[in-house]
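[1] Just the structure for this:
(one chain, ligands or ions: 1)
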Amino acid sequence: MITAQQLHKAFKTKTGTVKAVDGVDFVAEDGRITGLLGPNGAGKTTTLRMLYTLMKPDSGRVLVDGIDAAQDPAAVRRVLGVLPDARGVYKRLTARENIRYFGELHGLSKAEIHERARVLSEQLDMGEILDRQTEGFSQGQRTKTAIARALVHDPRNVILDEPTNGLDVMTTRAMREFLFKLRDDGRCVIFSSHIMQEVAALCDRIVIIAKGRVVADGTADELRERFGKPNLEDAFVSAIGSEEGLLA
Ligand SMILES: Nc1ncnc2c1ncn2[C@@H]1O[C@H](COP(=O)(O)OP(=O)(O)OP(=O)(O)O)[C@@H](O)[C@H]1O
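    Below you'll find the predicted structure:
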């Protein structure tokens with residue numbers, strides 16, 4: 001379970017201060033897919049970066065399985081798998097070597113790494129690419145490698161920044177199935193997207209973020225009811241107060 005409590009993060013730029021995240025609160029439960037939905041620049045990536053300990057909040061608290069990320073970031077990382085926005089796959093290594101490297105960083109044995117690579121490559125349909133050097137991989141192949149690498153230590157919590165970004169229809173469908181499987185295993189899955197249809201298709205719970213704040217939070221049905229709209233798209237427009245972000 002991942003809890004974000006009153007997260008704030010501002011960046012100083014040459015032209016002033018940008019409040020990227022301005023009081024974000026939500027709880028992502030186990031066995032659920034929680035989607036952070038918001039237009040470009042809403043603060044999704046910054047929120048996720050604080051959740052996975054890459055960035056310290058100016059104020060507020062992150063708890064992962066009850067562990068305070070500020071007090072014990074290493075323990076948080078052990079129970080977390082992360083697909084960051086920059087996939088960062090090592091291009092001199094094969095996909096399997098990328099997975100192995102992360103497994104070694106997590107202190108897994110050779111046998112454990114071998115088994116996890118087998119299971120993940122099967123689930124992500126990576127058979128043909130597993131032993132290819134990743135240089136020249138397509139976006140989808142890089143994303144799969146980065147996901148397999150992120151999950152090598154079988155974490156209970158999974159955070160994915162725009163996991164279907166740039167994927168074709170078939171790969172997106174396969175990715176959805178994969179995320180459903182993670183959920184059905186009882187994991188806590190959080191992902192971000194600016195594509196409403198994507199979030200609607202995948203999420204049990206939707207957290208709508210605009211201008212660094214949570215403007216609505218609930219199931220698709222709850223959001224439709226709350227805004228008195230027949231479909232999620234209209235509810236989303238009402239929640240964020242404009243049509244920006246719909247033109248995915
Ligand atoms: N390192 C930084 N320095 C300055 N401003 C930043 C930095 N990181 C993020 N921002 C600003 O914070 C705001 C939120 O950015 P963030 O990347 O979190 O949004 P996002 O919701 O993930 O957007 P997108 O859908 O476009 O990826 C934006 O205005 C962005 O320009």
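
[2] got the contact list for the residue nearest the centre of the chain?
    Centroid-nearest residue in the chain, with Cα atoms, centre = their mean: residue 160, separated by 1.9 Å. Taking Cβ atoms under 8 Å, 6 or more residues apart in numbering as the definition of contact, the neighbours of residue 160 are 82-83, 147, 179, 189-192. In short, each C-beta sits where N, CA and C put it, glycine included.

[3] Among those, which lie within helices?
    147, 179 (DSSP state H).

[4] Get me the contact residues on the chain for the ligand.
    On the criterion Cβ under 6 Å from any ligand atom, the ligand has as its neighbours in the chain the residues 11, 13, 18, 20, 38, 40-46, 194.

[5] what's the closest of those residues to residue 56?
    The closest of the residues of the chain next to the ligand to residue 56 turns out to be residue 46 (Cβ to Cβ; 11.5 Å).

[6] residue contacts, that closest one?
    Contacts for residue 46 were tallied using Cβ under 8 Å, 6+ apart; they are 9, 20-21, 55, 212.

[7] Could I get the full set of helices for the protein?
    With helices called from DSSP H, the chain shows them at 44-51, 73-78, 95-105, 110-123, 139-150, 169-184, 196-202, 220-227, 232-240.

[8] JSON lines for these, including mean pLDDT?
    Output for the helices of the chain, formatted as JSON lines (pLDDT from 0 to 100):
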{"stretch": "helix 44-51", "mean pLDDT": "96"}
{"stretch": "helix 73-78", "mean pLDDT": "94"}
{"stretch": "helix 95-105", "mean pLDDT": "96"}
{"stretch": "helix 110-123", "mean pLDDT": "95"}
{"stretch": "helix 139-150", "mean pLDDT": "93"}
{"stretch": "helix 169-184", "mean pLDDT": "90"}
{"stretch": "helix 196-202", "mean pLDDT": "87"}
{"stretch": "helix 220-227", "mean pLDDT": "91"}
{"stretch": "helix 232-240", "mean pLDDT": "87"}
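
[9] Deepest in the core, which of those helices is it.
    Across the helices of the chain, averaging neighbours per residue (mean count of other Cβ atoms under 10 Å) puts helix 44-51 on top, at a mean of 25.

[10] just how off-centre is that one within its chain?
    9 Å (Cα atoms, centre = their mean, to the nearest Å).

[11] Grab the CA positions of it and hand them over as PDB.
    Once side chains and other backbone atoms are set aside, the C-alpha atoms of helix 44-51 remain, and they are given as PDB (Å, rounded to 0.1, in the frame of the first residue of the first chain):
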ATOM      1  CA  LYS A  44       2.100  13.400 -12.000                       C
ATOM      2  CA  THR A  45       5.800  12.600 -12.700                       C
ATOM      3  CA  THR A  46       6.900  14.800  -9.800                       C
ATOM      4  CA  THR A  47       4.400  13.000  -7.500                       C
ATOM      5  CA  LEU A  48       5.700   9.600  -8.600                       C
ATOM      6  CA  ARG A  49       9.300  10.600  -8.200                       C
ATOM      7  CA  MET A  50       8.600  11.500  -4.500                       C
ATOM      8  CA  LEU A  51       6.800   8.200  -4.100                       C
END
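
[12] picking that back up, next one: the residue nearest to the centre of the chain from the ligand, what distance?
    Distance of residue 160 to the ligand, given as Cβ to the nearest ligand atom, to the nearest Å: 13 Å.

[13] still on that earlier bit, looking at the contacts of residue 160, spot the one nearest the ligand.
    Ranked by distance to the ligand (Cβ to the nearest ligand atom), the contacts of residue 160 are led by residue 192 at 6.4 Å.
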